[in-house]
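Asker: What shape does this take:
(one chain, ligands or ions: 2)
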Amino acid sequence: MIKVKSSTRDYDIRFVEPKHLLEDFAVQDIVVTDENLAKHYKSTIPDQAIVVPAGEASKSFDIYRELISQFAKLGLKRKGRVFAFGGGVVGDLAGFAAASYMRGVELIQIPTSLLAMVDSSVGGKVGIDLPEGKNLVGAFWPPHEVRISAECLKTLPEEEYRNGMAEVIKYGAIMDQNLFEALAETPMLPGDEREELIIRQCIEHKKFVVEEDEFETTGLRAILNFGHTIGHAIEKVQDYKGLKHGEAVAVGMVVESGITEKLLHTEPGTSERIKAVLRSHGLPTAMPEGIEIDELMQAMTLDKKATQEGLAFSVVPALGTCKLLTNINPAEVRGLLEHQ
Ligand SMILES: NC(=O)c1ccc[n+]([C@@H]2O[C@H](COP(=O)([O-])OP(=O)(O)OC[C@H]3O[C@@H](n4cnc5c(N)ncnc54)[C@H](O)[C@@H]3O)[C@@H](O)[C@H]2O)c1
Ligand SMILES: [Zn+2]
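Answerer: Ligands and ions are numbered 1, 2, ... in the order given. Model prediction:
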């Protein structure tokens, strides 16, 4: 068990067998899940669960409104709990519904994707998207408990597994050289016997960061954005129809570390090592065809970490370490991107 401290409430992250994920579900509680999970986990998920369509499009205002109406219709009371059974989409959406319904009801996060296990279910951020941008409406609503069964990964599609691995490799690159070296030596592929161990290690890193900088005020939490300044920009330029998030972050980690190597903030050779590990996990490492540098730069300057003074990158000075670099001159980044 891992205990996480937060200013709202402390919570436990427990590793359990699949059959125990919902064992204490009671009549006053509600399960929210998506249609893929409902299909795969028929015998675990109660019949009265609320099932939303799978995919990012469900993190919408319309689905959110439907969800809280359902809560009311099903008679969810302040003492009832919301179990978010699914990937990051279900966690963020049901989490935000739980945060706002009756000014907040109990939330149990049951992450089923690798990304949700190592990232989105920990740290208390919940929210939905607007047509104007991703995650523009949300709250800090720490879960009351997180339950994880690595066995759920058996049904996770391989491309979603790879997507989560990009974040796992990120933790290695920014905080844990041993983890990075272990993945370099033997890639973590579906069914790997180190799954639970590595998930625990990643959660310990995320716990450290969110406990130190819960509301992203000191800059520490921003180190988790390694690869994300460029990754988010790629996703945006491709209108979220191109690379998946983890794939875009993989490219972002390679390109960002290449740029900071040239700016002498990163040990030479780091970018190549990151590239090799990503490749061995089946992740892309080169900028996709058809991305205009102008559009990429525009998306980057709109990034919420950018300031008047310049761009912000989470930088890996040497593998396993990280710092936030702000006020980077966009013209310099542009020049380096052109000479990739
Ligand atoms: N709150 C945070 O701190 C935070 C952090 C990172 C990402 N996020 C959010 O997380 C979301 C992405 O999460 P995701 O990658 O888990 O996407 P997702 O929830 O869409 O899941 C990916 C796909 O895998 C399927 N799936 C999930 N678990 C499965 C399983 N065990 N078996 C079979 N299929 C399964 C889902 O149905 C879906 O089709 C984004 O919306 C992102 O903004 C939030
Ligand atoms: Zn990410």
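Asker: how about the nearest residue to residue 135 once chain neighbours are set aside, what does it touch?
Answerer: Using C-beta to C-beta, 6 or more residues apart in numbering and skipping residues adjacent in sequence, the residue nearest residue 135 is residue 127, 4.8 Å away. (Each C-beta comes from the backbone N, C-alpha and C, glycine too.) By C-beta atoms under 8 Å, 6 or more residues apart in numbering, residue 127 lies in contact with 59, 92, 95-96, 135-139.
Asker: could you redo the last one with a cut-off of 10 Å?
Answerer: Residues near residue 127 by C-beta atoms under 10 Å, 6 or more residues apart in numbering: 59, 64, 92-93, 95-96, 99, 134-141.
Asker: Quick one: buried ones out of those residues?
Answerer: 59, 64, 92-93, 95-96, 99, 138, 140-141 (16 or more other C-beta atoms under 10 Å).
Asker: Of these, which are in range of ligand 1?
Answerer: Restricting those to those near ligand 1 by C-beta under 6 Å from any ligand atom leaves 59, 92.
Asker: Throw the buried ones among the contacts of residue 127 into CSV and include secondary structure and distance to residue 168, thanks.
Answerer: CSV is the format used below for these (DSSP: H, G, I helix; E, B strand; the rest coil; distance: C-beta to C-beta, whole Å):
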residue, secondary structure, distance to residue 168
59, coil, 23
64, helix, 29
92, helix, 19
93, helix, 23
95, helix, 22
96, helix, 25
99, helix, 27
138, strand, 24
140, strand, 24
141, coil, 25
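Asker: what does the stretch 101-250 of the chain put close to ligand 1?
Answerer: 112-113, 115-116, 119-120, 123, 125, 135, 152, 155-156, 160, 163.
Asker: Which pair of those residues spans the longest distance?
Answerer: The most widely separated members of these, counting by C-beta to C-beta, are 135 and 155 (26.5 Å).
Asker: Can you show me the strands along the stretch 51-200 of the chain?
Answerer: Counting by DSSP state E, counting those that start in this stretch, one finds strands in the stretch 51-200 of the chain at the ranges 81-86, 106-111, 125-130, 133-140, 145-148.
Asker: circling back to that earlier point, most neighbours, which of the residues of the stretch 101-250 of the chain next to ligand 1?
Answerer: Per-residue neighbour counts (other C-beta atoms under 10 Å) across these peak at residue 112, which has 30 neighbours.
Asker: What residues does that residue make contact with?
Answerer: Shown in contact with residue 112 (C-beta under 10 Å, 6+ apart): 18, 21, 33-34, 36-37, 40-41, 84-88, 90-91, 121, 148-149, 151-153, 155-156, 160.
Asker: got it, and residue 114?
Answerer: Here residue 114 is in contact with 87, 150, 152-153, 156, 160-168, 188, 190, 195, 198-199, 202, 246 (C-beta under 10 Å, 6+ apart).
Asker: just residue 249 next, same as before
Answerer: 163, 166-167, 169-170, 225-228, 230-232, 234-235, 243, 256, 278, 283.
Asker: And residue 197, by the same measure?
Answerer: Here residue 197 is in contact with 150, 179, 182, 188 (criterion: C-beta under 10 Å, 6+ apart).
Asker: which among those residues end up buried?
Answerer: Among the contacts of residue 197, the ones that count as buried by 16+ other C-beta under 10 Å are 150, 179, 182, 188.
Asker: just checking, residue 164 touches residue 152?
Answerer: No: contact between residue 164 and residue 152 fails when scored by C-beta atoms under 10 Å: they sit 11.7 Å apart.
Asker: so what's in contact with these two at the same time?
Answerer: Shared contacts of residue 164 and residue 152, defined by C-beta under 10 Å, 6+ apart, are found at 87, 111, 113-114, 116-117.
Asker: ok, those vs ligand 1, which is closest?
Answerer: residue 87 (2.2 Å; C-beta to the nearest ligand atom).
Asker: isn't that closest one right next to residue 34, touching?
Answerer: Yes: with contact defined as C-beta under 10 Å, residue 87 reaches residue 34; the gap is 7.4 Å.
Asker: for the contacts of residue 197, which one is nearest ligand 1?
Answerer: Taking C-beta to the nearest ligand atom as the measure, residue 150 is the one of the contacts of residue 197 closest to ligand 1, at 10.1 Å.
Asker: if I pick that closest one, what's in contact with it?
Answerer: Taking C-beta under 10 Å, 6+ apart as the test, what residue 150 contacts is 15, 18, 114, 117, 192, 194-200.
Asker: repeat for residue 82
Answerer: 29-32, 50, 67, 71, 76, 94-95, 97-99, 101, 105-109, 143-144.
Asker: for residue 164, same thing?
Answerer: 87-88, 111, 113-119, 153, 156, 188, 199, 202, 245-246 are the contacts of residue 164 under C-beta under 10 Å, 6+ apart.
Asker: and if we set it to 7 Å?
Answerer: Residue 164 is in contact with 113-115, 118, 246, counting by C-beta atoms under 7 Å, 6 or more residues apart in numbering.
Asker: One more: residue 169?
Answerer: Counting by C-beta under 7 Å, 6+ apart, residue 169 has contacts 183, 277-278, 281.
Asker: gap between it and ligand 1?
Answerer: Distance of residue 169 to ligand 1, computed by C-beta to the nearest ligand atom, to the nearest Å: 15 Å.
Asker: Residue 340 now?
Answerer: Separation of residue 340 from ligand 1 (C-beta to the nearest ligand atom): 27 Å.
Asker: Thank you kindly, that will do.
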